[in-house]
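Undergrad: Based on what follows, work out the 3D shape:
(2 chains)
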Amino acid sequence: EPEVTQTPSHQVTQMGQEVILRCVPISNHLYFYWYRQILGQKVEFLVSFYNNEISEKSEIFDDQFSVERPDGSNFTLKIRSTKLEDSAMYFCASRKTGGVTGELFFGEGSRLTVL
Amino acid sequence: GESVGLHLPTLSVQEGDNSIINCAYSNSASDYFIWYKQESGKGPQFIIDIRSNMDKRQGQRVTVLLNKTVKHLSLQIAATQPGDSAVYFCAESRTGANNLFFGTGTRLTVIP
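TA: I've put the predicted structure just below:
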């Protein structure tokens, strides 16, 4: 069964460092998302991406965050200067169709620890 | 803003019993609801969804009930099994939106 894959599974970084989290969405999907989950809390929407541009973003997704689809398979989330509060599990998700109908497939997440 | 919350943070049930997980939402404009299951160390996994033009939808061993009058959503799991132990999230959205808003989650523990 096709799946969303994420790397790294866990990254530890120093505050102020740049981090890039990588995702390979399911190959025939067109809509891509990043969510994050602080330990013990709910899953929070960060950004959605379609046709090589951001289609929607939340208040969390400030100027320190950026997303990119550098080639036909990867979808990345960059945090330019990490803060302690960026420590969380970051989930990539993809969907074949737009809107919210239809199943959203999540990866297993990348755990980011900022020291 | 949107608010999706869960009544109970934890639920323990005996194996073979039925489980009911509840969720309240506050945005009356929400018209699409989804239940996700998250096992330890994994991403959320889609279980079942329901649109606001329906009151009930059934899947394999799961049923989702929607009460729009009181903005309440529930997930019923029949004959709960140890493999059902996980955190369950409800999520909501509305037509035209491109994202989901998740609730806090309920941890279901199945006692063998």
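Undergrad: Could you use CA atoms for every contact and neighbour count after this?
TA: Will do.
Undergrad: Identify the bridge partners of the residue positioned nearest the centre of chain A.
TA: If you average the C-alpha coordinates of chain A and look for the closest C-alpha using C-alpha atoms, centre = their mean, you land on residue A:34, 3.0 Å from that point. When bridges are assigned using DSSP bridges, the partners listed for residue A:34 are residue A:47, residue A:92.
Undergrad: My read is that it contacts residue A:89, right?
TA: No. The pair residue A:34 and residue A:89 fails to qualify as a contact (C-alpha atoms under 8 Å) at a distance of 10.5 Å.
Undergrad: what stretches of chain B score poorly on pLDDT?
TA: By pLDDT under 70, the low-scoring segments of chain B are B:1-8.
Undergrad: What residues does it have near chain A?
TA: Where chain B comes near chain A, counting by C-alpha under 8 Å from any C-alpha of the partner chain, the residues are B:32, B:41-46, B:93-105.
Undergrad: which among those residues end up buried?
TA: Applying 16 or more other C-alpha atoms under 10 Å in any protein chain shown to the residues of chain B next to chain A, the neighbour count classes B:32, B:43-46, B:93-94, B:98-105 as buried.
Undergrad: can you tell me which two in those residues are farthest apart?
TA: The most widely separated members of those, counting by C-alpha to C-alpha, are B:43 and B:94 (22.6 Å).
Undergrad: ok, now which ones touch residue A:107?
TA: Remark: with contacts taken as C-alpha atoms under 8 Å, 6 or more residues apart in numbering or on different chains, residue A:107 is in contact with A:3-6, A:23, A:91-93, B:42-43.
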